[in-house]
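Colleague: Sequence first, then the predicted structure, then my questions.
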Amino acid sequence: MNIIILGPQGSGKGTQAKLLAEKLNLKHISIGELLRQAARSLTPKGKIIKNLQTKGILIPFETTLELLEPVLKKTTQGFILDGMPRDLRQAEHLDWFLKQIKQQINHVIFITLSQKSTYNRLLKRAKLEGRSDDTKQAIKKRLEIYETKTVPVIKYFKDAGKLIEIDGEPDIATIHHSILSKLNPRG
(Lines give C-alpha, C1' and ligand atoms only; values in the text may rest on other atoms or scores of the structure.)
Protein backbone atom coordinates (compact mmCIF):
# COMPACT_ATOMS: atom_id res chain seq x y z
CA MET A 1 0.00 0.00 0.00
CA ASN A 2 1.27 3.46 -0.96
CA ILE A 3 -0.12 6.51 0.80
CA ILE A 4 0.36 10.25 0.50
CA ILE A 5 -0.36 12.45 3.50
CA LEU A 6 -1.32 16.07 2.80
CA GLY A 7 -2.33 19.04 4.90
CA PRO A 8 -1.10 22.46 5.86
CA GLN A 9 2.23 22.81 7.64
CA GLY A 10 1.80 22.00 11.32
CA SER A 11 -1.21 19.74 10.74
CA GLY A 12 0.64 16.72 12.10
CA LYS A 13 1.48 15.06 8.79
CA GLY A 14 4.91 13.95 9.96
CA THR A 15 3.64 12.61 13.28
CA GLN A 16 0.78 10.71 11.65
CA ALA A 17 3.04 9.43 8.86
CA LYS A 18 5.46 7.98 11.45
CA LEU A 19 2.62 6.32 13.36
CA LEU A 20 1.07 4.88 10.19
CA ALA A 21 4.42 3.68 8.85
CA GLU A 22 4.99 1.77 12.08
CA LYS A 23 1.45 0.40 12.30
CA LEU A 24 1.18 -0.61 8.62
CA ASN A 25 4.85 -1.56 8.06
CA LEU A 26 5.38 1.16 5.45
CA LYS A 27 8.49 3.20 4.72
CA HIS A 28 8.05 6.79 5.88
CA ILE A 29 9.43 9.15 3.26
CA SER A 30 9.50 12.73 4.51
CA ILE A 31 10.33 15.28 1.83
CA GLY A 32 10.92 17.86 4.55
CA GLU A 33 13.45 15.62 6.25
CA LEU A 34 15.20 14.81 2.96
CA LEU A 35 15.45 18.56 2.28
CA ARG A 36 16.60 19.37 5.84
CA GLN A 37 19.32 16.69 5.55
CA ALA A 38 20.45 18.20 2.27
CA ALA A 39 20.36 21.71 3.82
CA ARG A 40 22.63 20.56 6.68
CA SER A 41 25.21 19.34 4.20
CA LEU A 42 27.94 21.74 3.19
CA THR A 43 27.37 21.17 -0.51
CA PRO A 44 26.50 24.09 -2.79
CA LYS A 45 23.03 22.60 -3.35
CA GLY A 46 22.57 22.15 0.40
CA LYS A 47 23.37 25.82 1.01
CA ILE A 48 20.83 26.89 -1.63
CA ILE A 49 18.16 24.65 -0.08
CA LYS A 50 18.84 26.07 3.38
CA ASN A 51 18.60 29.64 2.09
CA LEU A 52 15.28 28.95 0.33
CA GLN A 53 13.84 27.15 3.38
CA THR A 54 14.77 30.02 5.68
CA LYS A 55 12.85 32.41 3.41
CA GLY A 56 9.84 30.06 3.19
CA ILE A 57 10.28 29.63 -0.57
CA LEU A 58 9.18 26.37 -2.18
CA ILE A 59 12.18 24.24 -3.17
CA PRO A 60 12.43 23.77 -6.96
CA PHE A 61 10.62 20.69 -8.21
CA GLU A 62 13.69 19.26 -9.92
CA THR A 63 15.69 19.46 -6.68
CA THR A 64 12.96 17.64 -4.77
CA LEU A 65 12.82 14.94 -7.46
CA GLU A 66 16.60 14.41 -7.28
CA LEU A 67 16.17 13.54 -3.61
CA LEU A 68 12.90 11.58 -3.87
CA GLU A 69 13.10 9.38 -6.95
CA PRO A 70 16.05 7.21 -5.80
CA VAL A 71 14.25 6.58 -2.49
CA LEU A 72 11.02 5.55 -4.24
CA LYS A 73 12.91 3.19 -6.57
CA LYS A 74 14.45 1.38 -3.57
CA THR A 75 11.19 1.08 -1.61
CA THR A 76 9.57 -2.32 -1.97
CA GLN A 77 7.33 -2.73 1.10
CA GLY A 78 5.03 0.24 0.42
CA PHE A 79 5.43 3.81 1.59
CA ILE A 80 3.79 6.82 3.12
CA LEU A 81 4.91 10.03 1.43
CA ASP A 82 4.88 13.10 3.63
CA GLY A 83 5.35 16.58 2.16
CA MET A 84 4.81 15.99 -1.53
CA PRO A 85 3.18 16.68 -3.92
CA ARG A 86 2.87 20.38 -3.20
CA ASP A 87 1.41 21.44 -6.52
CA LEU A 88 -0.52 19.96 -9.42
CA ARG A 89 2.57 19.51 -11.61
CA GLN A 90 4.23 17.45 -8.86
CA ALA A 91 1.08 15.32 -8.41
CA GLU A 92 0.90 14.55 -12.11
CA HIS A 93 4.63 13.79 -12.31
CA LEU A 94 4.47 11.56 -9.23
CA ASP A 95 1.61 9.53 -10.79
CA TRP A 96 3.62 9.22 -14.02
CA PHE A 97 6.86 8.27 -12.24
CA LEU A 98 5.16 5.64 -10.07
CA LYS A 99 3.64 4.04 -13.19
CA GLN A 100 7.17 3.84 -14.67
CA ILE A 101 8.31 1.81 -11.65
CA LYS A 102 5.05 -0.20 -11.59
CA GLN A 103 3.61 1.38 -8.46
CA GLN A 104 0.66 3.63 -7.67
CA ILE A 105 -0.85 5.74 -4.93
CA ASN A 106 -3.64 3.87 -3.15
CA HIS A 107 -4.84 6.52 -0.68
CA VAL A 108 -4.30 10.21 -0.04
CA ILE A 109 -4.92 11.33 3.54
CA PHE A 110 -5.79 15.00 3.81
CA ILE A 111 -5.50 16.40 7.34
CA THR A 112 -7.54 19.59 7.63
CA LEU A 113 -6.62 22.36 10.04
CA SER A 114 -7.71 25.99 10.43
CA GLN A 115 -5.22 28.66 9.41
CA LYS A 116 -5.12 30.00 12.98
CA SER A 117 -4.30 26.55 14.40
CA THR A 118 -1.69 26.01 11.70
CA TYR A 119 0.05 29.29 12.47
CA ASN A 120 0.01 28.70 16.25
CA ARG A 121 1.32 25.14 15.91
CA LEU A 122 4.18 26.27 13.66
CA LEU A 123 5.22 29.03 16.07
CA LYS A 124 5.17 26.51 18.93
CA ARG A 125 7.19 24.02 16.87
CA ALA A 126 9.74 26.72 16.05
CA LYS A 127 10.30 27.33 19.76
CA LEU A 128 10.47 23.64 20.67
CA GLU A 129 12.57 22.38 17.76
CA GLY A 130 14.46 25.52 16.79
CA ARG A 131 13.67 25.00 13.11
CA SER A 132 15.04 27.77 10.92
CA ASP A 133 12.20 27.26 8.42
CA ASP A 134 9.56 28.17 11.05
CA THR A 135 10.09 31.94 11.30
CA LYS A 136 6.98 34.18 11.26
CA GLN A 137 7.87 35.42 7.77
CA ALA A 138 8.55 31.90 6.43
CA ILE A 139 5.34 30.55 7.99
CA LYS A 140 3.24 33.28 6.36
CA LYS A 141 4.89 32.66 2.98
CA ARG A 142 4.42 28.86 3.22
CA LEU A 143 0.75 29.23 4.13
CA GLU A 144 0.22 31.46 1.08
CA ILE A 145 1.94 28.89 -1.13
CA TYR A 146 -0.15 26.11 0.41
CA GLU A 147 -3.41 27.94 -0.39
CA THR A 148 -2.49 28.70 -4.00
CA LYS A 149 -0.47 25.62 -4.97
CA THR A 150 -1.41 22.66 -2.75
CA VAL A 151 -5.18 23.06 -2.48
CA PRO A 152 -5.60 22.11 -6.21
CA VAL A 153 -3.68 18.88 -5.47
CA ILE A 154 -6.38 17.95 -2.98
CA LYS A 155 -9.03 18.31 -5.70
CA TYR A 156 -6.87 16.26 -8.09
CA PHE A 157 -6.79 13.30 -5.71
CA LYS A 158 -10.43 13.75 -4.70
CA ASP A 159 -11.43 13.56 -8.37
CA ALA A 160 -9.34 10.37 -8.64
CA GLY A 161 -11.33 8.83 -5.76
CA LYS A 162 -8.29 8.47 -3.50
CA LEU A 163 -8.86 11.25 -0.94
CA ILE A 164 -9.57 10.53 2.73
CA GLU A 165 -10.34 13.70 4.69
CA ILE A 166 -9.37 13.81 8.39
CA ASP A 167 -10.02 16.53 10.99
CA GLY A 168 -6.60 17.67 12.26
CA GLU A 169 -7.85 19.63 15.29
CA PRO A 170 -8.15 16.78 17.87
CA ASP A 171 -5.27 15.10 19.71
CA ILE A 172 -2.73 12.82 18.01
CA ALA A 173 -4.35 9.54 19.14
CA THR A 174 -7.83 10.59 17.96
CA ILE A 175 -6.49 11.62 14.56
CA HIS A 176 -4.54 8.36 14.23
CA HIS A 177 -7.60 6.27 15.10
CA SER A 178 -9.70 8.24 12.60
CA ILE A 179 -7.16 7.60 9.82
CA LEU A 180 -6.96 3.87 10.58
CA SER A 181 -10.75 3.50 10.67
CA LYS A 182 -11.09 5.24 7.29
CA LEU A 183 -8.27 3.21 5.73
CA ASN A 184 -9.90 -0.01 6.91
CA PRO A 185 -13.61 0.69 7.48
CA ARG A 186 -14.34 -2.95 8.37
CA GLY A 187 -11.94 -2.76 11.35
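Modeller: Received it, and whenever you're ready, just let me know what you need. Numbers count the residues shown, from 1 in each chain.
Colleague: So, low pLDDT: which residues of this structure?
Modeller: 131-134, 185-187 (pLDDT under 70).
Colleague: So which residues of it form helices?
Modeller: 13-24, 31-40, 44-55, 61-74, 88-100, 115-129, 136-145, 151-159, 172-183 (DSSP state H).
Colleague: Adding distance to residue 108 and mean neighbour count, write these out as CSV.
Modeller: (Glycine included, C-beta is placed from N, CA and C.) Below are those laid out as CSV (distance: least, C-beta to C-beta, whole Å; neighbours: other C-beta atoms under 10 Å):
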stretch, distance to residue 108, mean neighbour count
helix 13-24, 12, 18
helix 31-40, 15, 18
helix 44-55, 24, 16
helix 61-74, 16, 15
helix 88-100, 9, 15
helix 115-129, 19, 14
helix 136-145, 19, 16
helix 151-159, 4, 16
helix 172-183, 11, 15
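Colleague: just so I know, which of those helices lies nearest residue 7?
Modeller: helix 13-24 (5.2 Å; C-beta to C-beta).
Colleague: what's the angle between that closest one and helix 172-183?
Modeller: 60 degrees (axes from the mean of the first three to the mean of the last three C-alpha atoms, to 10 degrees).
Colleague: And helix 13-24, how far out from the chain middle?
Modeller: 12 Å (C-alpha atoms, centre = their mean, to the nearest Å).
Colleague: could you say what helices and strands it packs with?
Modeller: Helix 13-24 sits against strand 2-6, strand 27-30, strand 79-82, strand 107-112, helix 172-183, with contacts defined as 3 or more C-beta pairs under 8 Å, 6 or more residues apart in numbering; DSSP states H and E.
Colleague: quick one, phi/psi of the residue positioned nearest the centre of the chain?
Modeller: Nearest residue to the geometric centre of the chain (C-alpha atoms, centre = their mean): residue 83, 1.8 Å. Taking degrees, to the nearest 10, you get phi 110, psi 0 for the backbone angles of residue 83.
Colleague: ok, now which ones touch the residue lying closest to it once chain neighbours are set aside?
Modeller: Distance criterion C-beta to C-beta, 6 or more residues apart in numbering; nearest residue to residue 83, sequence neighbours excluded, is residue 31 at 3.3 Å. Each residue near residue 31 by C-beta atoms under 8 Å, 6 or more residues apart in numbering is listed here: 64, 67-68, 81-84.
Colleague: re the thing from before, got the helices of the chain as a markdown table, with distance to residue 1 columns?
Modeller: Shown next, in a markdown table, are the helices of the chain (distance: least, C-beta to C-beta, whole Å):
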| stretch | distance to residue 1 |
| --- | --- |
| helix 13-24 | 7 |
| helix 31-40 | 19 |
| helix 44-55 | 30 |
| helix 61-74 | 14 |
| helix 88-100 | 13 |
| helix 115-129 | 28 |
| helix 136-145 | 29 |
| helix 151-159 | 15 |
| helix 172-183 | 8 |
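Colleague: Which one of those helices lies nearest to residue 2?
Modeller: Nearest of the helices of the chain (C-beta to C-beta): helix 88-100, 7.4 Å.
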